[in-house]
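Asks: Any chance you could fold what I've pasted below:
(chains A and B)
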Amino acid sequence: MLFSSPVFVYIFLPVVVVVFFALDRVGGHTISKSWLLVASATFYGWWNPIYLSLLIASVLVNWFVSSAIRAQNENGEAARAKWLFLLGLAFNLGLLGFFKYADFFISNVNTVAGSNFVLLHLVLPLGISFFTLQQVAYLVDVYEGLAKEHAFLNYALFVSFFPQLIAGPIVHHAEMMPQFARGEQGRAIPENMSRGVFVFIVGLFKKLVIADSLSSIVVAGFDQAESLNMLAAWVASLAFSFQIYFDFSGYTDMATGAALMLNIRLPLNFNSPYRALTLINFWDRWHITLSVFINTYVYTPILRSFKRITLRNAMVATLLAMLISGLWHGAAWTFVAWGGLHGLGLVVCHLWRKQKRRMPSILAWLITFNFVNIANVVFRAQTAQDAGKVIGGMFGFNGVMLPTSLADMLSGLSRAGVEFGTVLTDVSAGPGTVFALGLLLAIIAFARNSIELMDGFRPRYLTLAGAVVLLLSSLYKIGANSEFLYFDF
Amino acid sequence: MTKNVLESLQVIFRDVLDSPELMLNPETAASDVPGWDSLAHLSLVDAVETEFQVKFALGELQKLRNVGDMIELISQKQS
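Replies: Numbering: from 1, shown residues only, chains lettered A, B, ... in the order given. Okay, here's the model as predicted:
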């Protein structure tokens, strides 16, 4: 079930919220939390009932293994605890590896060895990348004696709570389980309800009106066009960078809003990332919960496994962590390349920082934004050829074309090889698109983001009017469903 | 006890961050100290672990970004 589908907006969410508070009043916290668990299972099983059993198995195995680790730790059986921990880790990585990477592995073996093993064509279980990471973090923390909370209901909800189940934020047990354990969420709080509804509407608008409108340009430019002139290539790449931001942060807004209606606060996942002045800062602002996970549970153990912590070792660890992050995003070499690009970018950024030289802010922003934008091309392209086509186009390898209307004024340029024609045909766009992209850039650069708006929310008529306009223009488009970009991960 | 930990931390920080004038107090946070970035953080943690004969868990490292928390966790682990 998608957040932006009619069944979720009109039926599922209102019913879940109303029944939750009613049950809590009549039956108490355990009953109302069990209802949330049933609702989350329904939400997940809606898409594919068979894979629901996979989610349930994953939760049960992890809970039993972590309980066993805790028991061994308490008995001082460090060796047994370690074996159980490694077993749990292998279970999680094995499950993810099988469902997400089996075909990638097989096709690479076939390419290298010239063999003909048949691909499995497994459908990727929704959210497996997310609930695997959350449970790995829990296992590590239980093994290291940090995770105190272990009631089954709170654990199962921490993993499967429907707002964050299939595309994040990647929640951490230490911030979620105490919220479920306190049980004070059983009473509807008007302030949370109104803020939740508000940020849900903002997210719905970002997804349905902004991100989905950019989709046709991106598909035309990346997947359909034979070649792209310079301006068309820039339009295609910018359209995708804006699409993925509004799509993913819009999804996160909806998750945050739905959770807040139930008095659960999800962690911040996006903080105006395209305003970053350095690549290091970009990763403090983009998909923050993933950055924190990668930093804590991937980068740090890699660096600590070296004998000495030196700048060189830290840079190697950074590169490895970003390659792994790339592969986590998708089972294809384009994702690994994207991770590698960001890893190299971070290394350059750290080395520059060591020089302690200053750079004008506007230049720092231009470099950071354009680096991210070009790396996004590699992320989006389905093949290396497509990535080459778009990036080559951006650098003018497929010619420069200007609108016919400028032909008289700039006719001199035609001697330099500039053509005149209908520039944006290949990305099925026109002058209006350029204006829209400029507007989006201005919003990204200057407007307050949705979480700032939510935190500063005051019930005013003007806010209400704005929310109603956003809601109506979203509901106008609600029938035509397209999947969230991050559902494939 | 706390005072001794603070003094030892100051020696470690001055050494690792290469700033002999650095003055620490329990309120000092990473953002107050030039050079205490994500890279230096792990070097500091490594030096602190060796000095005090303690081991921090992965999940604790991000919470150690101010001196007061560091002192508290060290004392807790040593007791």
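Asks: For the rest of this, base every contact and every neighbour count on C-alpha atoms.
Replies: Noted.
Asks: Would you map the strands across chain A?
Replies: Secondary structure of chain A (DSSP state E): strands at A:401-403, A:419-421.
Asks: Please point out which parts of the first one sit buried.
Replies: Within strand A:401-403, the residues that qualify as buried are A:401-402, counting by 16 or more other C-alpha atoms under 10 Å in any protein chain shown.
Asks: swap in stretch A:118-136?
Replies: For stretch A:118-136, by 16+ other C-alpha under 10 Å, it's A:124-136.
Asks: so can I have TSV of these showing distance to residue A:267 and pLDDT?
Replies: Formatted as TSV, the buried residues of stretch A:118-136 follow (distance: C-alpha to C-alpha, whole Å; pLDDT from 0 to 100):
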residue	distance to residue A:267	pLDDT
A:124	26	86
A:125	24	88
A:126	21	88
A:127	17	91
A:128	19	93
A:129	18	93
A:130	14	94
A:131	15	95
A:132	18	95
A:133	15	95
A:134	13	96
A:135	17	97
A:136	18	97
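Asks: Now flag whichever of those residues is closest to chain B.
Replies: Nearest to chain B out of the buried residues of stretch A:118-136 is residue A:136 (C-alpha to the nearest C-alpha; 11.9 Å).
Asks: Quick one: residues contacting that closest one.
Replies: A:89, A:92 (C-alpha atoms under 8 Å, 6 or more residues apart in numbering or on different chains).
Asks: do residue A:88 as well
Replies: Shown in contact with residue A:88 (C-alpha under 8 Å, 6+ apart): A:62, A:65-66, A:139.
Asks: which of those residues has the most neighbours?
Replies: Neighbour tally across the contacts of residue A:88 (other C-alpha atoms under 10 Å in any protein chain shown): the maximum, 27 neighbours, falls on residue A:139.
Asks: dump the residue contacts of it.
Replies: So residue A:139 contacts A:62, A:66, A:85, A:88-89 (C-alpha under 8 Å, 6+ apart).
Asks: any chance of those in TSV, with pLDDT too?
Replies: Below are the contacts of residue A:139 laid out as TSV (pLDDT from 0 to 100):
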residue	pLDDT
A:62	97
A:66	96
A:85	97
A:88	97
A:89	97
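Asks: looking at the strands of chain A, which one has the lowest mean pLDDT?
Replies: For these, mean pLDDT drops lowest on strand A:419-421, to a mean of 79.
Asks: Which positions within that strand qualify as buried?
Replies: A:419-420.
Asks: What strands line up against it, and which way round?
Replies: strand A:401-403 (parallel) (DSSP bridges).
Asks: Quick one: distance of the strand it pairs with to the chain centre.
Replies: 36 Å (C-alpha atoms, centre = their mean, to the nearest Å).
Asks: okay, residue A:487: pLDDT?
Replies: pLDDT, residue A:487: 59.
Asks: For residue A:467, give me its contacts.
Replies: A:198, A:201-202.
Asks: swap in residue A:236?
Replies: Taking C-alpha under 8 Å, 6+ apart as the test, what residue A:236 contacts is A:217-218, A:221-222, A:390, A:427.
Asks: Looking at the residues you listed, which is nearest chain B?
Replies: For the contacts of residue A:236, the closest approach to chain B (C-alpha to the nearest C-alpha) belongs to residue A:390, at 34.6 Å.
Asks: The closest one touches residue A:238, doesn't it?
Replies: No. Residue A:390 lies out of contact with residue A:238 (C-alpha atoms under 8 Å); the separation is 11.0 Å.
Asks: More neighbours: the two, which one.
Replies: residue A:390 (30 against 23).
Asks: So for the more buried one, what's the nearest residue that isn't a sequence neighbour?
Replies: residue A:233 (5.4 Å; C-alpha to C-alpha, 6 or more residues apart in numbering or on different chains).
Asks: Cool, thanks, talk later.
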